[in-house]
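Peer 1: here you go, sequence then predicted model.
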There are 2 protein chains.
Amino acid sequence: MKEVARVAGVSLATVSRVVNGTGDVRPDLAARVQEAVKLLGYRRDLTASTLRRADRQSASIALIIEDVSNPFFSAVHRGVEDIARSRGVLTFVGSSDELPERERELAETFGARGVDGLVIAPCTQDQSYLQRELQSGIAMVFVDRPPRFIAADAVVSDNAGGARAAVEHLRSLGHRRIAFLGDRLAVWTASERRRGYLEALGGGPVLERTELVDSDAGRAAVLELLALPDPPSALFTGQNLITIGAIRALRELGRQHEVALVGFDDVVLGDLVEPGITVVAQDPYTLGCQAGELLFAPSAEPRRVVVPTALIARGSGEIPAV
Amino acid sequence: MKEVARVAGVSLATVSRVVNGTGDVRPDLAARVQEAVKLLGYRRDLTASTLRRADRQSASIALIIEDVSNPFFSAVHRGVEDIARSRGVLTFVGSSDELPERERELAETFGARGVDGLVIAPCTQDQSYLQRELQSGIAMVFVDRPPRFIAADAVVSDNAGGARAAVEHLRSLGHRRIAFLGDRLAVWTASERRRGYLEALGGGPVLERTELVDSDAGRAAVLELLALPDPPSALFTGQNLITIGAIRALRELGRQHEVALVGFDDVVLGDLVEPGITVVAQDPYTLGCQAGELLFAPSAEPRRVVVPTALIARGSGEIPAV
DNA sequence: CTGAAAGCGCTTACAG
DNA sequence: CTGAAAGCGCTTACAG
């Protein structure tokens, strides 16, 4: 910039004004500056700019999610990115891999880099460690899971409502023995889905297997449930991978056309499998967009946005009870 | 930091040394500084640090891909992120949506923010616009597609080799009328896959439909090909969405067990569909890791890394010719 | 409308 | 081993 000022024969201040389009500059001087900029291939240093400007805005935000390559979270990411870009803001991302320590590490580093805002899908049980960043003026929105021990905005899916809809759907087809297969209940979304299941059971028996962490665990749990003396006639799987495990188990037993199945979370190619997989779909892109919107419209009072889910009937959930 | 120095009763320089762990500091002074840091909740400003330090490294890199929520690219992203994190480096990401203008815009903004490196899956036809960034010392690696009109590293899949393997697989089962369904040939990967197809045909008839941009176009092309007087007995689909369109078309005709199908790119749940979908799988995570490795080990000569593909037989590709 | 000067928060020769 | 001082590239009152 010093160089540009020299070549254009003006002061640093004038170059800054022209480059930023701020303040009035005589047209001929502005033209000389533009010329010098082009001639020298000058590009302004945004980090230096951030350091000096009054509002200290860096035009960057950060997103902390479980895994950038998980389809659910990458759709959230896209939503956040789109809102950020519409405001000329760049997005950092980090994968926590559900490791509390890594979440804290990432939040700290992003904070030290001076991001203007933070969107977090937390895996820690307590986010009060973020109090300092919050007070230093970083906007903060939680997504997918609400914050604990800190007052901040949150955008979540209607987990309990979606689970209720799934179970009511199965009940309307005559099912009474409906099993729930869920993730670790320490995960907020998992316990919410279980809550919806319990609420909708209407006095039917509680048949549940939880703490299932992957597709294999889901498969094993289904094999076990169906071997019971009085097995369930329908399954409600509380998560993507568990749904896939359940399908594998039903296939192995050749019972995919007998036992009803509704899964939480949409499954790619769910309509090409036989029978098609009925699911309660979340809308992760909207989750991300809403989080972005809240981030850029700070409020004193913590807000909570609940994004609805949608039941998509494709066949597996429409198998009637015998 | 000034505040910390004041409270600890030392100079700014000493605080800087302690906080950075550089240079020797008398233990008692160091302890006083640590105490003041804790007391004040001090956190060092990384952007100011970057501005002043000799190497001007910002410990951040940027990734430009088509879409962060596309499963292929999000796996690439994860690979890059993992390598970056292992070096304490943060990752920016941007989606170009295959819009040349947006790619340039993103590259420019990342450059102005002083990232140390740039990983790009280019959609522009000419990347010479990046010459300036390259000369300013930003490390640069292209991924998925090689650079044009600029000398830089690249990490790509063995597109032609994978396509050859697919077609040879079908030929070994007796197929001679093998159709190729491909994306826009202006896309490097699409034309490479077509090249592999042509090379492996061994004099068989060329039956191709290209410029297919989505799953519907793939479906329509398959319906059209199979309606020919002398239709293909096998299909080689050059991309994910086209594969899905082809499956839908075969389903509609009830011919999914008669016409062989091999797709390029793996498909989620490909083993749960009937028949299972045989694919030539890429390894996007490795693509990302390799790109990251090259980025952090700069070389004067441009390098090219080719990541192998793998044929995964699941049923649809093992239907013999009649 | 324009420029000289101060200063954002930090690092780094330099002298002691 | 430690500190005073210069300066990274920029923005912004302030005076003219």
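Peer 2: Alright, I've got the coordinates. Numbering: from 1, shown residues only, chains lettered A, B, ... in the order given.
Peer 1: run the chain-centre distance for the longest helix belonging to chain A.
Peer 2: Using DSSP state H, we find that the single longest helix of chain A is helix A:71-86. Its chain's C-alpha centre and that of helix A:71-86 lie 8 Å apart, by Cα atoms, centre = their mean, to the nearest Å.
Peer 1: tell me which residues in it are buried?
Peer 2: Neighbour-count burial for helix A:71-86, counted by 16 or more other Cβ atoms under 10 Å in any protein chain shown, picks out A:71-85. In short, each C-beta sits where N, CA and C put it, glycine included.
Peer 1: just stretch A:177-192 next, same as before
Peer 2: Buried residues in stretch A:177-192 (16+ other Cβ under 10 Å): A:177-183, A:185, A:187-192.
Peer 1: quick one: residues in contact with the longest helix of chain A.
Peer 2: Applying Cβ atoms under 8 Å, 6 or more residues apart in numbering or on different chains, the contact partners of helix A:71-86 are A:61, A:63, A:65-68, A:90-91, A:93, A:119, A:121, A:143-144, A:240, A:265, A:268, A:282, A:284-293, A:295-296, B:67-71, B:74, B:77, B:93-95.
Peer 1: the same query, at a cut-off of 6 Å, please.
Peer 2: Contact with helix A:71-86 is made by A:61, A:63, A:65-66, A:68, A:91, A:119, A:284-285, A:287-289, A:291-293, B:68-69, B:74, as judged by Cβ atoms under 6 Å, 6 or more residues apart in numbering or on different chains.
Peer 1: with just CA atoms, put whatever helix or strand comes next after that helix into PDB.
Peer 2: Per DSSP states H and E, helix A:71-86 leads on to strand A:90-95 as the next helix or strand towards the C-terminus. C-alpha atoms of strand A:90-95 as PDB (Å, rounded to 0.1, in the frame of the first residue of the first chain):
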ATOM      1  CA  LEU A  90     -15.700 -16.600   5.100                       C
ATOM      2  CA  THR A  91     -16.100 -19.900   7.000                       C
ATOM      3  CA  PHE A  92     -13.600 -21.900   9.000                       C
ATOM      4  CA  VAL A  93     -14.600 -25.500   9.800                       C
ATOM      5  CA  GLY A  94     -13.300 -28.100  12.200                       C
ATOM      6  CA  SER A  95     -14.300 -31.700  13.000                       C
END
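Peer 1: each with direction, which strands does strand A:90-95 pair with?
Peer 2: strand A:60-65 (parallel), strand B:90-95 (antiparallel) (DSSP bridges).
Peer 1: among the contacts of helix A:71-86, which lie within helices?
Peer 2: Of the positions in the contacts of helix A:71-86, A:284-285, A:287-289, A:291-293, B:74 sit in helices, assigned by DSSP H.
Peer 1: with respect to B:Pro27, which of those is nearest?
Peer 2: Each of those was checked against B:Pro27 using Cβ to Cβ; the closest is A:Ala291, at 45.8 Å.
Peer 1: what sits against that closest one?
Peer 2: A:80, A:119, A:141, A:143, A:155.
Peer 1: residues from the stretch 151-300 of chain A in reach of chain B?
Peer 2: A:247, A:268-269, A:272-274 (Cβ under 6 Å from any Cβ of the partner chain).
Peer 1: quick one: which of those is most hemmed in?
Peer 2: Neighbour counts for those (other Cβ atoms under 10 Å in any protein chain shown) peak at A:Ile247, which has 27 neighbours.
Peer 1: wait, a helix at that residue?
Peer 2: Yes: according to DSSP: H, G, I helix; E, B strand; the rest coil, A:Ile247 belongs to a helix.
Peer 1: contact partners for it?
Peer 2: B:Leu272.
Peer 1: equivalent analysis for A:Arg304, please.
Peer 2: Contacts of A:Arg304 (Cβ under 6 Å, 6+ apart): A:Ala154.
Peer 1: tell me what it is bridged to.
Peer 2: Beta-bridge partners of A:Arg304, as defined by DSSP bridges: A:Ala154.
Peer 1: any idea how far A:Gln290 is from it?
Peer 2: Using Cβ to Cβ, to the nearest Å, one gets 11 Å for the distance from A:Arg304 to A:Gln290.
Peer 1: and for A:Val262?
Peer 2: Distance, A:Val262 to A:Gln290, by Cβ to Cβ: 25 Å.
Peer 1: neighbour count: these two, which is higher?
Peer 2: Shown here are A:Val262 and A:Gln290; by other Cβ under 10 Å, A:Val262 has more neighbours (29 against 25).
Peer 1: interface residues of the stretch 151-300 of chain A facing DNA strand C?
Peer 2: With Cβ under 7 Å from any atom of the strand as the criterion, the stretch 151-300 of chain A does not meet DNA strand C at any residue.
Peer 1: tell me the residue of the stretch 151-300 of chain A that sits nearest DNA strand C?
Peer 2: The stretch 151-300 of chain A approaches DNA strand C most closely through A:Pro298 (20.7 Å), counting by Cβ to the nearest atom of the strand.
Peer 1: SS state for that residue?
Peer 2: Here A:Pro298 is coil, with the state taken from three-state DSSP.
Peer 1: for it, grab phi and psi.
Peer 2: phi -60, psi 150 (degrees, to the nearest 10).
Peer 1: burial count for the nearest residue to A:Cys123 once chain neighbours are set aside?
Peer 2: Closest residue in space to A:Cys123, ignoring its immediate chain neighbours: A:Glu98 at 4.5 Å, by Cβ to Cβ, 6 or more residues apart in numbering or on different chains. Using other Cβ under 10 Å, the number of residues around A:Glu98 comes to 16.
Peer 1: mind checking the SS state of A:Glu98?
Peer 2: Applying three-state DSSP: A:Glu98 is coil.
Peer 1: ok, it touching A:Thr124?
Peer 2: No: between A:Glu98 and A:Thr124 there is no contact under Cβ atoms under 6 Å: 9.8 Å.
Peer 1: without its sequence neighbours, what residue ends up closest to A:Ala112?
Peer 2: B:Leu46 (4.6 Å).
Peer 1: surely the one you found and A:Arg113 touch.
Peer 2: Yes: the criterion here is Cβ under 6 Å, and B:Leu46 meets it with A:Arg113 at 4.8 Å.
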